[in-house]
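Trainee: Would you be able to build a 3D model of this:
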Amino acid sequence: VEGESFQGGLAFTLEPAEYGSKDDPSIYQWTAGLIGTLSDTVQLQQSFSEKYRTMTLVACNARSLGLDHVTGILQADHDLHLRIFLSLMQPILQDIRVEYNFGEETLDVEFDVDEAAVNKPLVVAGFHVDDEDELTPAASAGVQLGDQLLMVEVTELDGRMKKITNFQEMRQLLGLSDSEATAVAMTLTFGSQSRWKTEESNETVKKAVAQAESISELLPTWQEIKEGAKRCLERRDFSNLREAVMSRAFLFRAKCDLVQALVTAGFALHHDVFVSKALQLHKRFEPATDRELQNYFEGRDNLQLRDEILIAQLDVLTNTWRSLPQIIKEDVPEVLRSLFRPEVEIVLIREAVKALEEKWRIARGSNSKDGDQNLKMPEELVRFFKYMRPATDESTGQRELSMVWIIKAWSVEKMRQREVQNDVAAITGIYENAESFWEHRVKNAHKRAEEAQELLERAVQKEVIRVVLCSSISDLEKVQAMLSESLMLTKDCKIGDSENVP
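Mentor: A predicted model of the protein is given here:
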């Protein structure tokens, strides 16, 4: 390289190297081959967390929001957008829940059915598919080969939820042993493979949290969700708009799940330092009230869909409030004012809680407290009451969960503070109604238990005692079905070789 000064600047003449240039093919090819080999080796040795970072960067480069006359790849291909979402989400989620109604569908997951494995964990060995290009419900939810079935939840005839974690009982319930499947509807909870790769999983979660702001740029807008749902209907992937939008295999639910996972992990790893990234995620999440949703899903025909979207968003806001460090709630009110605005998030919460209360009332089937059959509260309402306590419930030992901090945060603007107070008061009223309902049920249950105890004592005094041997849970369930509320047999009972009990 030769150079000289010219009028205050520098001019250089570059001469090609004597060795290793394209003019020396043998040296050039040897060098290029060696570099290629080393590059491949580095790529193969990359950790999963580094590949996660690379995928995020590539996805962000395929996104082009806010640019005039430019359409990014992800905007044009909603299926690719969804696949990227699921890929980003799977490594940082712990459990996957899949609901089945065996009256309308069959179990799409294959487990090990070896007789010697009866008491061993159920591990996913494959999927039942009619079309190789079609995702099954479990695969759409993110279940992968090697994932383990952790729990089966079954709704019993009286509305109670029964949770089964015993491997042998789960096999019997799913019809994987000699017996037939014994339930129509159930929810299966799977543990991701990443649960057992602790070190690698933690590194991936850290990488995801570090890139939370970049990932937030990938969150779909409401317009993209609307257009994507219409395309799914055009392809007949779903039978109606509500089924498309609320499917776990679609952008909206994937968006909710990803934001929840990142917020939970972010505050757990970095505490208050994660606030700026949480605010960016929240902004890009774009919480929407019913009024805003009508711009995309208008009319009474979409009323149920809008309610379900509100409820899904409520879960995200509940998780954000639960994860937010106490020091932020007490000492940094401006963060609360950004996360819980009177005209957006607070209204959304009130609308969603009201929709859940109505859903619960309809499920119970009667306004009479003594006539309720299905008592189970919607899970979203249970989580909300557990993690976002009413302002009147500040002294319950979970002070950091009280909504009073949101009211205090808006003390700088009295008019908006009154709006918050009014909505929180409406939410508190729903909470108190639910509390009163359960207190009434507990008192009635206690009364019935005392009556049953008296009847049992009379039977013992008369020495009229008969024993029925139950060898399985199904036998116990048969006996239970024959009992009245006072624990008296309603018909003759005979189980196995035991004598008939009239």
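
Trainee: Run a quick neighbour tally on Gln421.
Mentor: Using other Cβ atoms under 10 Å, Gln421 is surrounded by 16 other residues. Quick note: C-beta positions are derived from backbone N, CA and C, even for glycine.

Trainee: Give the full set of residues in contact with it.
Mentor: Ile407 (Cβ atoms under 8 Å, 6 or more residues apart in numbering).

Trainee: so how far is the helix or strand hosting it from its chain's centroid?
Mentor: Assigned by DSSP states H and E, Gln421 belongs to helix 414-461. Here helix 414-461 shows a centroid-to-chain-centroid distance of 28 Å under the convention Cα atoms, centre = their mean, to the nearest Å.

Trainee: Now the element after it, going C-ward?
Mentor: Sequence order places helix 473-481 as the next helix or strand after helix 414-461, per DSSP H and E.

Trainee: If we go by neighbour counts, what in stretch 436-456 is buried?
Mentor: Neighbour-count burial for stretch 436-456 flags Phe437, Ala452 (criterion: 16 or more other Cβ atoms under 10 Å).

Trainee: Surely Ser315 and Val263 touch.
Mentor: Quick fix: residue 315 is Asp, not Ser. No. Between Asp315 and Val263 there is no contact under Cβ atoms under 8 Å: 11.5 Å.

Trainee: out of those two, which sits in the busier spot?
Mentor: Neighbour totals were compared for Asp315 and Val263, and Val263 leads with 24 against 17 (other Cβ under 10 Å).

Trainee: Check which helix or strand the most centrally placed residue in the chain maps to.
Mentor: Closest to where the C-alpha atoms of the chain average out (Cα atoms, centre = their mean) is Asp257, at 5.0 Å. Of the helices and strands defined by DSSP H and E, Asp257 is found in helix 251-270.

Trainee: With only the CA atoms kept, save that helix in CSV.
Mentor: These are the backbone C-alpha positions of helix 251-270, laid out as CSV (Å, rounded to 0.1, in the frame of the first residue of the first chain):
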residue,chain,number,x,y,z
LEU,A,251,-51.9,-14.8,16.0
PHE,A,252,-54.0,-13.2,18.8
ARG,A,253,-53.6,-16.0,21.4
ALA,A,254,-50.0,-16.5,20.5
LYS,A,255,-49.5,-12.8,21.0
CYS,A,256,-51.1,-13.0,24.5
ASP,A,257,-49.1,-16.0,25.5
LEU,A,258,-45.8,-14.5,24.3
VAL,A,259,-46.3,-11.2,26.2
GLN,A,260,-47.2,-13.0,29.4
ALA,A,261,-44.2,-15.3,29.2
LEU,A,262,-41.8,-12.4,28.5
VAL,A,263,-43.2,-10.2,31.3
THR,A,264,-43.1,-13.0,33.8
ALA,A,265,-39.6,-14.0,33.0
GLY,A,266,-38.3,-10.4,32.6
PHE,A,267,-39.4,-9.2,36.1
ALA,A,268,-38.3,-12.5,37.6
LEU,A,269,-34.8,-12.1,36.2
HIS,A,270,-34.2,-8.3,36.3
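
Trainee: what's it packed up against?
Mentor: Helix 251-270 is packed against helix 78-89, helix 198-210, helix 212-216, helix 222-234, helix 275-285, helix 303-323, with contacts defined by 3 or more Cβ pairs under 8 Å, 6 or more residues apart in numbering; DSSP states H and E.

Trainee: swap the cut-off to 10 Å and go again
Mentor: helix 78-89, helix 198-210, helix 212-216, helix 222-234, helix 241-245, helix 275-285, helix 303-323 (3 or more Cβ pairs under 10 Å, 6 or more residues apart in numbering; DSSP states H and E).

Trainee: Roughly how far does Val109 sit from Glu153?
Mentor: 16 Å (Cβ to Cβ, to the nearest Å).

Trainee: cool, Lys491 as well?
Mentor: 29 Å.

Trainee: quick one: which of the two has more around it?
Mentor: Glu153 (16 against 8).

Trainee: Helix or strand: which one has the closest residue to that one other than its chain neighbours?
Mentor: Nearest non-adjacent residue to Glu153, counting by Cβ to Cβ, 6 or more residues apart in numbering: Thr187, 4.3 Å away. In this assignment (DSSP H and E), Thr187 forms part of strand 185-191.

Trainee: who does that strand touch, helix- and strand-wise?
Mentor: Using 3+ Cβ pairs under 10 Å, 6+ apart, strand 185-191 sits against strand 95-101, strand 122-127, helix 137-140, strand 148-155, strand 161-164, helix 167-173.

Trainee: before we move on, back to that, counting neighbours, what do you get for the residue nearest to Glu153?
Mentor: Residue crowding around Thr187 was assessed by other Cβ under 10 Å; the count is 15.

Trainee: Ok, Thr56 next?
Mentor: Using other Cβ under 10 Å, Thr56 is surrounded by 22 other residues.

Trainee: from memory it sits against Ile215, does it?
Mentor: Yes. Assessed by Cβ atoms under 10 Å, Thr56 is found in contact with Ile215 at 6.1 Å.

Trainee: Mutual contacts of those two, please.
Mentor: Taking Cβ atoms under 10 Å, 6 or more residues apart in numbering as the contact rule, Thr56 and Ile215 both touch Ile84, Leu88, Ala208.

Trainee: And the first one, how far from Asp77?
Mentor: Put plainly, it is Ile84. Distance from Ile84 to Asp77, by Cβ to Cβ: 10 Å.

Trainee: More neighbours: those two, which one.
Mentor: Ile84 (22 against 15).

Trainee: separation between the more buried one and Ala139?
Mentor: 16 Å.

Trainee: what is the residue nearest to Glu153 paired to in the beta sheet?
Mentor: Thr187 has these beta-bridge partners by DSSP bridges: Glu99, Glu153.

Trainee: Ok, Lys162 next?
Mentor: Under the criterion used (DSSP bridges), Lys162 bridges to Val154.

Trainee: got a list of what it touches?
Mentor: Lys162 sits next to Val152, Glu153, Val154, Thr155, Glu156, Leu173, Ala183, Met186, Ile473, Glu477 when contact means Cβ under 10 Å, 6+ apart.

Trainee: Quick one: the residues you listed as JSON lines, columns for pLDDT too.
Mentor: Output for the contacts of Lys162, formatted as JSON lines (pLDDT from 0 to 100):
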{"residue": "Val152", "pLDDT": "86"}
{"residue": "Glu153", "pLDDT": "83"}
{"residue": "Val154", "pLDDT": "83"}
{"residue": "Thr155", "pLDDT": "72"}
{"residue": "Glu156", "pLDDT": "67"}
{"residue": "Leu173", "pLDDT": "81"}
{"residue": "Ala183", "pLDDT": "56"}
{"residue": "Met186", "pLDDT": "83"}
{"residue": "Ile473", "pLDDT": "73"}
{"residue": "Glu477", "pLDDT": "78"}
